[in-house]
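Q: sequence first, predicted coordinates after that:
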Amino acid sequence: MDRGFDAWAYLVSAWAVEFLVWSYPFSYGVFLNHYATHEFSHVSSTVLSLVGSTSTGLMYLLSLILLPLMNRYPYHKKNMMYVGLVLCMAGLVGAAFAREAWQLILTQGVIYAVGGSMLYFTVTTYLWEWFSEKKGLVCPCLTNWFVDYPATYVILFHSGVGGVVVPLMVQTLLDRYGSRTTLLALGISFVVIIPAFPFIKSRTPVSQVVGPRQINTQFLKYNPFWILFAANILQGLGTFLPTLYMPTFASDLKLNDGGTIALSLMNGASAPGLVFLGYISDRLDLRASILLSALGSALSVLLIWGFASSLPPLLVFACIYGFLAPSWSALWPRFVFVARGSAAGGEDPGESATLMCIFVAGRGIGNVLSAPIASGLLRPWAATGKTSFPYGVEGYGPLILFTARLERRTLHLSDRR
């Protein structure tokens with residue numbers, strides 16, 4: 001473990017898979033801006049935003065179903081990878097020929113999310129077999145509760161590189177070739193990860209079926225679990241909104257491609273943010289990490305995004321918010337420790353895995369709900385047209401205040417623990 005060709009071949013292969021799987025949903029804000037002004041200009045932004053929130057939300061939510069299935073039937077994990085690959089390609093190719101909004105939601109939203117989840121969670125489950133001392137905070141969706149960083153930097157790098165490069169690439173393709181060619185190209189791009197599949201494998205012989213084991217659910221009776229669970233959903237509800245609407249917001253401010261650049265910086269800043277917040281959460285009281293992430297995010301929304309009427313402050317906001325808000329997921333291992341520690345019976349790996357799935361799915365709930373709620377806020381209000389700052393542009397004032405309020409409410413809930 002932790003060394004040898006097979007271990008590092010797995011790590012590089014996992015990086016390639018995760019690069020593709022997550023970079024496309026995190027770039028949906030670029031698609032939203034394009035759809036709203038081109039092929040689907042007749043469709044409300046409320047409906048179009050559902051594609052992005054459905055895609056990311058379902059990918060988190062499906063952890064509750066897929067991870068127990070993979071643990072129960074490990075022999076079929078490789079088959080799930082190939083099914084996931086086909087579904088990802090089918091979702092993007094199908095979206096290329098979509099003519100109605102519901103077709104986009106079904107293909108680029110639901111089908112892609114199911115396929116991406118099958119690929120992503122399968123790949124990450126093998127990490128525990130290949131790395132022990134160096135597995136660290138593997139990724140924002142399946143963070144482990146061991147802290148050591150060499151392997152972390154390699155796999156987390158996918159979210160940094162992918163988040164920076166892919167939005168710019170998608171914007172260029174959309175401008176030059178339109179959505180159909182772009183989606184077809186993205187769908188076909190999944191072919192490049194097929195050579196990596198042989199290296200994504202188990203280190204030991206795989207059982208056909210693993211017998212079911214009873215999980216201690218005593219944590220459901222304790223307040224700390226429910227408080228952290230509610231705070232996690234609220235944070236997931238707010239953290240997705242700036243990434244979803246940033247390109248559209250910049251276009252409304254006549255900043256051209258500034259929104260795409262801001263989205264790239266926001267995604268790129270999340271990788272060092274995850275490492276940083278994971279590091280301090282292991283060395284300081286959990287409340288300090290929550291305070292930094294939630295309060296820092298809320299202040300950046302209120303004081304920087306709310307007054308960013310030009311590109312430089314918008315980019316500053318993207319870097320700060322990207323560093324603090326998405327890195328919340330680095331706190332999930334500590335949430336597991338707190339919720340599990342509240343229950344009697346000591347440490348139970350099965351219980352820990354269950355709790356991790358619950359917190360991952362909690363973000364999914366927030367993501368799925370974020371788009372329909374936020375779209376209802378994008379309407380004129382008291383300050384509309386009365387100031388040149390974003391608070392008075394279109395209907396973004398209520399959206400900005402809502403996002404900041406959610407982050408602040410997250411902090412208030414967590415303090416009650």
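A: Noted; the coordinates are in hand. Numbers count the residues shown, from 1 in each chain.
Q: switch to C-alpha atoms for all contacts and neighbour counts from now on
A: Fine.
Q: my read: residue 182 touches residue 172, true?
A: No. Residue 182 lies out of contact with residue 172 (C-alpha atoms under 8 Å); the separation is 9.3 Å.
Q: who's more crowded, those two?
A: Neighbour count, other C-alpha atoms under 10 Å: between residue 182 and residue 172, residue 182 has more, with 22 against 14.
Q: report pLDDT for the more buried one.
A: pLDDT for residue 182: 96.
Q: what about stretch 197-206, average pLDDT?
A: So the average pLDDT for stretch 197-206 ends up being 81.
Q: chain center to the worst-scoring helix or strand of the chain on mean pLDDT: distance?
A: Every helix and strand of the chain was ranked by mean pLDDT, DSSP states H and E. The lowest is helix 127-130, at a mean of 70. Relative to its parent chain, helix 127-130 has a centroid offset of 22 Å by C-alpha atoms, centre = their mean, to the nearest Å.
Q: which elements pack onto it?
A: When contacts are defined as 3 or more C-alpha pairs under 8 Å, 6 or more residues apart in numbering; DSSP states H and E, helix 127-130 packs onto helix 5-23.
Q: counting contacts, what elements does the helix it packs on pack onto?
A: helix 112-125, helix 127-130, helix 150-188.
Q: then whichever helix or strand comes after the last one to PDB, C-alphas only?
A: From helix 150-188 onward toward the C-terminus, using DSSP states H and E, the following helix or strand is helix 223-239. This file holds the C-alpha atoms of helix 223-239, laid out as PDB (Å, rounded to 0.1, in the frame of the first residue of the first chain):
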ATOM      1  CA  ASN A 223     -29.200  16.800  18.900                       C
ATOM      2  CA  PRO A 224     -25.700  17.400  17.500                       C
ATOM      3  CA  PHE A 225     -26.400  15.200  14.500                       C
ATOM      4  CA  TRP A 226     -29.600  16.900  13.600                       C
ATOM      5  CA  ILE A 227     -28.100  20.400  14.100                       C
ATOM      6  CA  LEU A 228     -25.100  19.600  11.900                       C
ATOM      7  CA  PHE A 229     -27.400  17.900   9.300                       C
ATOM      8  CA  ALA A 230     -29.700  21.000   9.100                       C
ATOM      9  CA  ALA A 231     -26.700  23.300   8.900                       C
ATOM     10  CA  ASN A 232     -25.200  21.200   6.100                       C
ATOM     11  CA  ILE A 233     -28.400  21.400   4.000                       C
ATOM     12  CA  LEU A 234     -28.600  25.100   4.500                       C
ATOM     13  CA  GLN A 235     -25.000  25.600   3.400                       C
ATOM     14  CA  GLY A 236     -25.600  23.400   0.400                       C
ATOM     15  CA  LEU A 237     -28.600  25.500  -0.500                       C
ATOM     16  CA  GLY A 238     -26.600  28.700  -0.600                       C
ATOM     17  CA  THR A 239     -23.100  27.700  -1.800                       C
END
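Q: quick check: what element follows helix 223-239 along the chain?
A: helix 241-252.
Q: give me the contacts around that next one.
A: The set of residues external to helix 241-252 that reach it, using C-alpha atoms under 8 Å, 6 or more residues apart in numbering, is 26, 28-30, 32-33, 49, 52, 256-260, 262-263, 266, 370-371, 374, 393-394, 396, 403.
Q: helices - which of these land there?
A: 28-30, 32-33, 49, 52, 258-260, 262-263, 266, 370-371, 374, 396, 403 (DSSP state H).
Q: can you select the buried ones among those residues for me in ChimeraX?
A: Here is the ChimeraX command that picks out the buried ones among these, judged by 16 or more other C-alpha atoms under 10 Å:
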select :28,29,30,32,33,49,52,258,259,260,262,263,266,370,371,374,396,403
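Q: residues near residue 221, how many?
A: By other C-alpha under 10 Å, neighbour count at residue 221 equals 12.
Q: what sits against residue 56?
A: Per C-alpha under 8 Å, 6+ apart, neighbours of residue 56: 25-26, 113, 364, 367-368.
Q: now do the same for residue 39: helix, strand or coil?
A: With DSSP: H, G, I helix; E, B strand; the rest coil as the basis, the three-state label of residue 39 is coil.
Q: tell me the contacts of it?
A: No contacts exist for residue 39 under C-alpha under 8 Å, 6+ apart.
Q: quick one: pLDDT of it?
A: pLDDT, residue 39: 90.
Q: can you check residue 155 too?
A: Reported pLDDT for residue 155: 50.
Q: next one: residue 276
A: In this prediction residue 276 is given a pLDDT of 87.
Q: now do the buried residues in the helix or strand where it lies.
A: Per DSSP H and E, residue 276 falls inside helix 258-283. Neighbour-count burial for helix 258-283 flags 258-279, 281-282 (criterion: 16+ other C-alpha under 10 Å).
Q: backbone torsions only: list them for residue 62.
A: For residue 62, the backbone dihedrals (degrees, to the nearest 10) come out as phi -70, psi -10.
Q: isn't it right up against residue 119?
A: No. At 11.7 Å, residue 62 does not count as touching residue 119 under the criterion of C-alpha under 8 Å.
Q: coming back round to it: can you give me the buried ones in the least confident helix or strand of the chain?
A: Buried residues in helix 127-130 (16+ other C-alpha under 10 Å): 127, 129-130.
Q: still on that earlier bit, I'd like the next helix or strand past the helix holding residue 276.
A: helix 286-290.
Q: now the element after that following helix, going C-ward?
A: Helix 286-290 is succeeded, C-terminally, by helix 296-303 (DSSP H and E).
Q: what is the helix or strand following that following helix packed up against?
A: Using DSSP H and E, the helix or strand that follows helix 296-303 towards the C-terminus is helix 311-324. If you count contacts as 3+ C-alpha pairs under 8 Å, 6+ apart, helix 311-324 packs onto helix 258-283, helix 296-303.
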